[in-house]
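Participant: Fold the stuff below for me.
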Amino acid sequence: MSRGLRYGYLGALIALMVQFLLGMATNLFVQIPLDHPGANPPEYFTGVAQSVAWAIVQGPFWLLVHASLGIVMVLFGLGLLVPAIHSRHRPTVIAAVVGALAILAAGFNGGSYLNYHEDFSSMLMASFFAIAVTAYAIGLSALPPRSGSPPPAAR
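Facilitator: Residues are numbered from 1 along each chain as shown. Below is the predicted model of the structure:
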């Protein structure tokens, strides 16, 4: 139980760091056009879907990679919920839920930035990234010790 979650939380933390670096590259080196499919939509969710689809299919390289990894991370975060819930270990479940919701919220704020070009959306995306990192780090540290491993003092 805890071995798979341990690797899952560690993988999520590594993916979040890679995503952070891709986001910085996107922020520094990509000029997102003001007029693209999904820009300034009359309806938020349709606009996010169109903007993210545009970013993945036709967007500049760094944006394409950043948005693609974001979709993978949403799926990964949701996938971590299954073993966390099966563990029935409350801190593990809470960390997985908060982490998955934070990744999803970061993604929606990334889509919102594509839609409306508001810096506040970018700040919210970064804030939810920090919440996800914190949740997975707490989840990793709250996992029960590995069975069969020596106590910390014996290592």
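Participant: What about Leu5, how many residues nearby?
Facilitator: 22 (other Cβ atoms under 10 Å). Bear in mind the C-beta positions are built from the backbone N, C-alpha and C, glycine included.
Participant: Show the secondary-structure elements that the host helix or strand of it is packed against.
Facilitator: Per DSSP states H and E: Leu5 is located in helix 2-29. On a contact count with 3 or more Cβ pairs under 8 Å, 6 or more residues apart in numbering; DSSP states H and E, helix 2-29 meets helix 61-87, helix 90-116, helix 119-142.
Participant: Let me see the residues that make contact with the very next helix or strand once past it.
Facilitator: Reading on from helix 2-29 to the C-terminus, the next helix or strand found by DSSP H and E is helix 44-57. The contact list for helix 44-57 (Cβ atoms under 8 Å, 6 or more residues apart in numbering) reads 36-41, 63-64, 66-68, 70-71, 107-108, 110-112, 114-115.
Participant: same thing but 10 Å
Facilitator: Residues outside helix 44-57 that contact it (Cβ atoms under 10 Å, 6 or more residues apart in numbering): 26, 30, 32-33, 36-41, 43, 59, 63-68, 70-71, 107-116.
Participant: Contact partners for the most centrally placed residue in the chain?
Facilitator: Closest residue to the average C-alpha location of the chain: Ile103 at 3.3 Å, with Cα atoms, centre = their mean. Applying Cβ under 10 Å, 6+ apart, we find Ile103 in contact with 12, 15-16, 19, 70, 73-78, 80, 128-129, 131-132, 135-136.
Participant: do Gly59 as well
Facilitator: Taking Cβ under 10 Å, 6+ apart, we find Gly59 in contact with 26, 30, 32-33, 36, 51-53, 65-68, 114.
Participant: buried subset of the residues you listed?
Facilitator: Among the contacts of Gly59, those classed as buried by 16 or more other Cβ atoms under 10 Å are Thr26, Val30, Ile32, His36, Ser51, Val52, Val65, His66, Ala67, Leu114.
Participant: Determine which two of those are furthest apart.
Facilitator: Across the buried ones among the contacts of Gly59, the longest distance by Cβ to Cβ is 17.0 Å; it joins His36 and Val65.
Participant: Of the contacts of Gly59, which is the nearest to Ser2?
Facilitator: Comparing the contacts of Gly59 against Ser2 with Cβ to Cβ places Ser68 closest, at 30.3 Å.
Participant: Just confirm that closest one contacts Val18, I think it does.
Facilitator: No. Counting by Cβ atoms under 10 Å, Ser68 stays clear of Val18, with 11.7 Å between them.
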